[in-house]
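J.: Pasted the sequence and its predicted model underneath.
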Amino acid sequence: MAGYEERYCAYVDVLGFRELIAALGDGSIQFEAIRDLLQRVHKPHDEQFVGYGDTDFRAQSISDAVALSTKKNDVGLAVLCATLRDLSLALLYQGYFTRGVLCSGLLYHDDKMVFGEAFVKAYTLETGVVRYPRIMLTKDVAEAALNSTYDDTFPEHIKQAEDGPYFLHILWRLRMKLDLIKTWGIENPQPEPDLSYFSTIQRMIQTRFNESVDTPKHFEKVQWFARYWNDSIIQIRSQIGRINGPGLDQKPAVWG
């Protein structure tokens, strides 16, 4: 039975949704494209996570946004981070950025409604503080992840931005794939993993970057993500490309 209790809570918004609806009205985009996009937003989790461990994972769709929560424990935080990462990548694959906040606090969340101080905090930070397309982790949540003994790789999923906030490293899976390829190429050559999924994401980011040049406020947001992408990759026989354009360092990314 759901109660008003301490939980991890995330609020995530799909950027550019208003423009998407406008495009539906003028016929430049198909209804099916929006329907498929919203289906992914409305069902952000992997079915295997429902009831996984002692998490009480819940998700509530709100138009072009989604509220998610779990019990406030290590496994709940791990499942929530994995779900947010997978959702963000799935939307990037379709060409849309996400912006959100993961925090903790008192929350009521059942199958029909979600409310409480944690939701208000997440919504307020997402709309008023988080400038760039990233999932911000409040300091207390980031510290809980960094100090957790649940998973040794937890710290690898958290980064801190130069402007202050911690954020979820949604490109962690790509970085790990590139790390494996680098290792195989030196020690034990093997067939490389299929990187076409991330190659499509790279093309989508490049397209959004090119389209944003006439809108400085939007451009700086896409530019931030382009820098994050470039910092997260290495060049391996050009399989995964960098994002190119004004304000981006054209030097090869440094592995570190």
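T.: Done, it's in. All values derive from a computational prediction rather than experimental measurement.
J.: Quick one: low-confidence residue ranges for the protein.
T.: 1-2, 17-53, 182, 184-194, 235-239, 250-256 (pLDDT under 70).
J.: which residues in it form helices?
T.: For the chain, the helices defined by DSSP state H occupy 17-25, 31-42, 74-93, 117-128, 139-146, 172-187, 196-211, 216-232.
J.: Same list, these, but as CSV with distance to Asp111 please.
T.: All C-beta spots, glycine's among them, are computed from the backbone N, C-alpha and C. Below are the helices of the chain laid out as CSV (distance: least, C-beta to C-beta, whole Å):
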stretch, distance to Asp111
helix 17-25, 24
helix 31-42, 13
helix 74-93, 17
helix 117-128, 16
helix 139-146, 25
helix 172-187, 30
helix 196-211, 32
helix 216-232, 34
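J.: Throw these into a markdown table and include distance to Glu156 and mean neighbour count, thanks.
T.: A markdown table is the format used below for the helices of the chain (distance: least, C-beta to C-beta, whole Å; neighbours: other C-beta atoms under 10 Å):
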| stretch | distance to Glu156 | mean neighbour count |
| --- | --- | --- |
| helix 17-25 | 31 | 13 |
| helix 31-42 | 25 | 14 |
| helix 74-93 | 11 | 21 |
| helix 117-128 | 24 | 18 |
| helix 139-146 | 10 | 17 |
| helix 172-187 | 6 | 15 |
| helix 196-211 | 17 | 17 |
| helix 216-232 | 12 | 18 |
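J.: Which of those helices sits closest to Asn244?
T.: Closest to Asn244 of the helices of the chain, according to C-beta to C-beta: helix 196-211, at 7.1 Å.
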